[in-house]
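**Q** need coordinates for the below:
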Amino acid sequence: METKIKVETVGYYHQKEDMTANVGLLPKKLNNNRKYFENPSLKFPYLNLNVEVKDPGIGDVKLESLIDFIRLKGWPNGVKPDIVTSKSTLISVAQKRPDIRIQVTRLFGVSYLLKYHEGPYNFPMSDRNGNFGLIFRHFFTRNDDEELLEVDKTSTKAVFRATVPYLNGCWNILYSGEVPAVDDQNRHYDFRVVSWGTRNPYFWKNNSCRCYWKSVFGNAQYIIVGARTHNVQSDPKTRSPHRIPEKSVYEVERLEKECCPVEAAKRNPLEAWTVSDGENTIQDLLMLIDTVVTTEGHSYIISRNSDNSEWVIEEDSEGNEEFQDLVVRCIPRE
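**A** Below is the predicted model of the structure:
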């Protein structure tokens, strides 16, 4: 099922370490290793994931680089949006992630949505296996076989516009997000490393929803899924007769994003997520913002927890003076 939410790419920039934007730089291109997902008959060379990768930190949690892009280029196509946010925030909302908290601030007729973080932003990459995905996509984007993976706080992002329909109108959302790779036609690709790949029921039950919305809001048609092994003690594929190295990608598959909701429903019909569920929760959030967040300069916290699927909104007593100052300095008022 295809979503009614329409997404277009309206620009690119390189997010620098100081969270400013270098406008116009394109994402990395896919290299010749794309042949492994374009031609499934080719045997995929085992890719070692058991490599230490420096944690770059999350960064850009307050939309700094997107706001700098707008400062440099103005509103894309001269269109002032209703909402400015990040790709990761939209994904979290659409997948109905529990225990989400969002800070909303209205300035000059635009509502800015930030993920509300309590405590430090950074946490060890080893705790979330994030290096697996970095190593996997590096295999498909490196310039040659000898190029080492170097991780820092820079990244290449796209600026997107999403149109969310509702009743007789729609909302216009401007946001940015990282683009892992593009092909020669500048089509976006997402990457995912999964234990045992798409044969794993856990993927369809617990990860496919996020993968779908990540590709929707990243304007990507395909998700490149790498099937990986566990360690020797827990994975029979690492022992005779297969003897695949532990923590290695051994198979790759190109998955169309529209397949995700269809296949998830087939595999888990009693608990399947749906595209309309994600659309509805986004629409409910935007309706709440339209209704309550109407005063210029006021900030609110919108939250939802695992015990209550309804959105709860309350005034943010602390406000967000630093962020408001950034917007006032950088964003056009019309």
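
**Q** mind showing which ranges of this protein have poor pLDDT?
**A** 55-60, 117-130, 334 (pLDDT under 70).

**Q** and the helices in the stretch 51-200 of the chain?
**A** 64-73, 87-94, 130-141 (DSSP state H, counting those that start in this stretch).

**Q** in JSON lines: those helices, plus mean neighbour count and distance to Tyr112.
**A** To be clear about C-beta, it is placed using only N, CA and C from the backbone, and glycine gets the same treatment. JSON lines is the format used below for the helices of the stretch 51-200 of the chain (neighbours: other CB atoms under 10 Å; distance: least, CB to CB, whole Å):
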{"stretch": "helix 64-73", "mean neighbour count": "21", "distance to Tyr112": "9"}
{"stretch": "helix 87-94", "mean neighbour count": "23", "distance to Tyr112": "10"}
{"stretch": "helix 130-141", "mean neighbour count": "20", "distance to Tyr112": "27"}
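
**Q** of the ones you listed, which is nearest Ser306?
**A** helix 87-94 (13.5 Å; CB to CB).

**Q** and that closest one, what does it pack against?
**A** strand 100-107, strand 110-115, strand 169-178, helix 208-217, helix 275-292 (3 or more CB pairs under 8 Å, 6 or more residues apart in numbering; DSSP states H and E).

**Q** hmm, back to that, of all the helices of the stretch 51-200 of the chain, which lies closest to Leu270?
**A** helix 87-94 (21.4 Å).

**Q** what comes into contact with that closest one?
**A** Here helix 87-94 makes contact (CB atoms under 8 Å, 6 or more residues apart in numbering) with 100, 102, 113-115, 160, 162, 173, 175-178, 210, 213-214, 216-218, 278-279, 281-282, 285.

**Q** of all the helices of the stretch 51-200 of the chain, which lies closest to Pro201?
**A** helix 130-141 (19.6 Å).

**Q** okay, the closest one in CSV with CA atoms only?
**A** Only the C-alpha atoms of helix 130-141 are listed here, as CSV (Å, rounded to 0.1, in the frame of the first residue of the first chain):
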residue,chain,number,x,y,z
GLY,A,130,25.0,1.5,14.8
ASN,A,131,28.4,0.6,13.4
PHE,A,132,27.0,-2.4,11.5
GLY,A,133,24.9,-0.1,9.3
LEU,A,134,27.8,2.3,8.8
ILE,A,135,30.2,-0.5,7.7
PHE,A,136,27.5,-2.0,5.4
ARG,A,137,26.7,1.2,3.5
HIS,A,138,30.5,2.1,3.3
PHE,A,139,30.9,-1.1,1.3
PHE,A,140,28.5,0.3,-1.3
THR,A,141,29.8,3.9,-1.4
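
**Q** ends of stretch 235-243, how far apart?
**A** 10 Å (CA to CA, to the nearest Å).

**Q** just how off-centre is that stretch within its chain?
**A** 34 Å (CA atoms, centre = their mean, to the nearest Å).

**Q** ditto for stretch 298-306
**A** So, by CA atoms, centre = their mean, the centroid of stretch 298-306 is 20 Å from its chain's centroid.

**Q** now stretch 61-81
**A** The answer for stretch 61-81 is 18 Å, by CA atoms, centre = their mean.

**Q** go on, stretch 318-333?
**A** Counting by CA atoms, centre = their mean, stretch 318-333 comes out at 24 Å from the chain centroid.

**Q** hang on, isn't Leu149 packed against Leu134?
**A** Yes. Under the contact definition of CB atoms under 8 Å, Leu149 touches Leu134, with a separation of 6.4 Å.

**Q** which residues are in contact with both of these two?
**A** Val53.

**Q** any chance of the helices of the stretch 51-200 of the chain in a markdown table, plus distance to Met1?
**A** Below are the helices of the stretch 51-200 of the chain laid out as a markdown table (distance: least, CB to CB, whole Å):
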| stretch | distance to Met1 |
| --- | --- |
| helix 64-73 | 30 |
| helix 87-94 | 14 |
| helix 130-141 | 26 |
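
**Q** nearest to Val7, of the ones you listed?
**A** helix 87-94 (9.6 Å).

**Q** need the buried ones from the contacts of helix 87-94 selected in ChimeraX.
**A** Here is the ChimeraX selection string for the buried members of these, based on 16 or more other CB atoms under 10 Å:
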select :100,102,113,114,115,160,162,173,175,176,177,210,213,214,216,217,218,278,279,281,282,285
